[in-house]
Structure formats: structure tokens, C-alpha cells
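>>> quick check, what structure comes out for this input:
(one chain, ligands or ions: 1)
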Amino acid sequence: MAEARQRAVVVGASSGIGGTLARELADAGYDVGLTARRRELLEGFGRALPTKAYVARMDVTETEAARESLHEVADAMGGVDVVVLNAGVAFENPDLEWGPDRDTVDTNVRGFAALATAAMDRFEAQSHGHLVGTSSVAARFGNGEAPAYDGSKAFVSNYLEGRATGRVASTPT
Ligand SMILES: NC(=O)c1ccc[n+]([C@@H]2O[C@H](COP(=O)([O-])OP(=O)(O)OC[C@H]3O[C@@H](n4cnc5c(N)ncnc54)[C@H](OP(=O)(O)O)[C@@H]3O)[C@@H](O)[C@H]2O)c1
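This next block holds a predicted model:
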């Protein structure tokens with residue numbers, strides 16, 4: 001009997017690290033769910049993948065809609081084995097203006113936690129799954145150029161480290 005195909009959702013797959021990771025996962029045989037705000041990029045990108053791609057527009061700062069969207073993509077894929085929370089923003093903000101700091105916390109912290117809890121709900125229900133998040137070396141120290149970014153990545157790292165001790169394994173990167 002053929003083995004069931006593995007399925008991964010990459011949140012923040014429209015460019016950069018997330019796009020490359022989605023491609024790597026597809027090359028490794030995963031069906032891939034692609035989410036981000038720029039749906040047209042995801043669609044073009046999905047067509048070029050060697051496995052089946054599922055696309056959904058998602059803004060992680062719209063937390064309730066984003067959580068629903070994650071479940072919808074996972075349902076369409078027939079389940080999900082890996083969720084990669086890669087969506088993130090980075091602003092240099094040495095003058096500590098509220099706008100960039102708000103957007104950083106909304107995306108990298110609030111959005112991350114909203115999607116992490118939704119993913120873990122699924123993994124708990126199905127008794128397996130891997131939660132992966134994109135942190136940064138910036139999690140290890142603060143600097144004056146981007147203190148909110150550094151703090152947000154410390155949140156991501158510590159959150160994943162905490163989850164790794166939970167009932168379902170997760171994988172900090
Ligand atoms: N590049 C580096 O040197 C570096 C180093 C360490 C860690 N990282 C981390 O790696 C991750 C990816 O960064 P990157 O360098 O590849 O940057 P990037 O090309 O700008 O990618 C960021 C991704 O996040 C998505 N995103 C941003 N805000 C979002 C939102 N509100 N809702 C949904 N998706 C959103 C973007 O998609 P849309 O704009 O289409 O929504 C895009 O797909 C980030 O978490 C970043 O902090 C990067």
C-alpha cells in the first residue's frame with residue numbers, strides 16, 4: 001500500500017524564507033498549503049510546485065479569520081502534519097515610534113500565538129504534528145535599532161521551547 005503523502009502548511013509563504021521552505025517541502029514530496037496576504041504571488045508560486053498546492057489569503061494580524069483560514073486549508077488538504085509559522089515583519093525603529101512597534105507585535109507575537117494555538121489544537125486532536133516557527137539570532141540579544149523585533153523573536157523562541165516540553169512535540173528553528 002502506498003504511504004500517505006505528508007502535508008505542510010507554511011504561513012508567510014509568499015516570499016523569502018517561507019517561499020524557499022515551501023519549495024523544499026514540495027521537493028521532498030509534501031503537499032503544501034501556502035498562506036500570506038499576497039494571494040497572487042502564492043498562486044503563481046503554487047503552480048510551479050511539483051506536488052499539490054493549496055492557497056489561502058491570510059493576514060495573521062486578523063487573528064480570528066487567520067485561525068479559521070488555517071483550519072480551512074488543513075481541512076482542504078485532508079489534514080496537516082507540519083505547520084510552519086514564518087510570517088514576520090522587521091522594522092528599524094530607533095526612535096521607538098508606536099506604528100512600527102505595534103505592527104511588529106501584532107504580526108510576530110499576536111499573530112504567531114493565534115496560529116500556534118490553532119495548529120496545536122489540531123495536533124492534539126490528531127495526536128501528531130510538528131509546529132515550526134521562524135525565530136532569529138535577534139532573539140538572543142536586544143539592539144537599539146529594532147528592539148521590538150528582537151523582543152518579538154525572543155517570544156517566538158521561548159514559546160517554541162516551552163511547547164517542546166508539551167504533550168505534542170514542536171520544533172524551534
Ligand atoms: N531575512 C533574514 O535575515 C531573517 C533572519 C532571521 C529571521 N527571519 C525571519 O524569517 C521570516 C521570514 O522573513 P524573510 O526574510 O523571508 O522576509 P520576507 O520575504 O519579507 O517574508 C515575510 C513573509 O511573511 C509574510 N507576512 C508578513 N506579514 C504578514 C501578515 N500580517 N500576515 C500574513 N503573512 C505575513 C509575508 O507575506 P505577505 O507580505 O504576502 O503577507 C512573507 O511571506 C520572518 O519571521 C523573519 O523575522 C529573517
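>>> outside of the helix of greatest length in the chain, which residues touch it?
Longest helix of the chain, by residue count under DSSP state H: helix 147-163. Helix 147-163 has contacts (CB atoms under 8 Å, 6 or more residues apart in numbering) with 85, 88, 90-91, 93, 96, 100-101, 104-105, 108-109, 112-113, 116, 120, 131, 133-136, 138-143, 170-172. In this view, the C-beta of every residue, glycine as well, is placed from N, C-alpha and C.
>>> that one and the ligand, are they touching?
No. Judged by CB under 6 Å from any ligand atom, helix 147-163 and the ligand are separated, with a smallest distance of 6.6 Å.
>>> got the buried residues for that helix?
147-157, 159-160, 163 (16 or more other CB atoms under 10 Å).
>>> between these, which is closest to residue 28?
Nearest to residue 28 among the buried residues of helix 147-163 is residue 160, at 21.5 Å by CB to CB.
>>> could you measure from that closest one over to the ligand?
12 Å (CB to the nearest ligand atom, to the nearest Å).
>>> do the same with residue 56
According to CB to the nearest ligand atom, residue 56 stands 10 Å off from the ligand.
>>> what do you get for residue 112?
From residue 112 over to the ligand (counting by CB to the nearest ligand atom), the distance is 9 Å.
>>> so where does that residue fall, helix or strand?
helix 112-126 (DSSP states H and E).
>>> contact partners of that helix?
So helix 112-126 is contacted by 9, 11, 60, 63-64, 66-67, 70-71, 74, 79-80, 83, 85, 87, 129-131, 133, 152, 155-156, 159, 163, 166-168, 170 (CB under 8 Å, 6+ apart).
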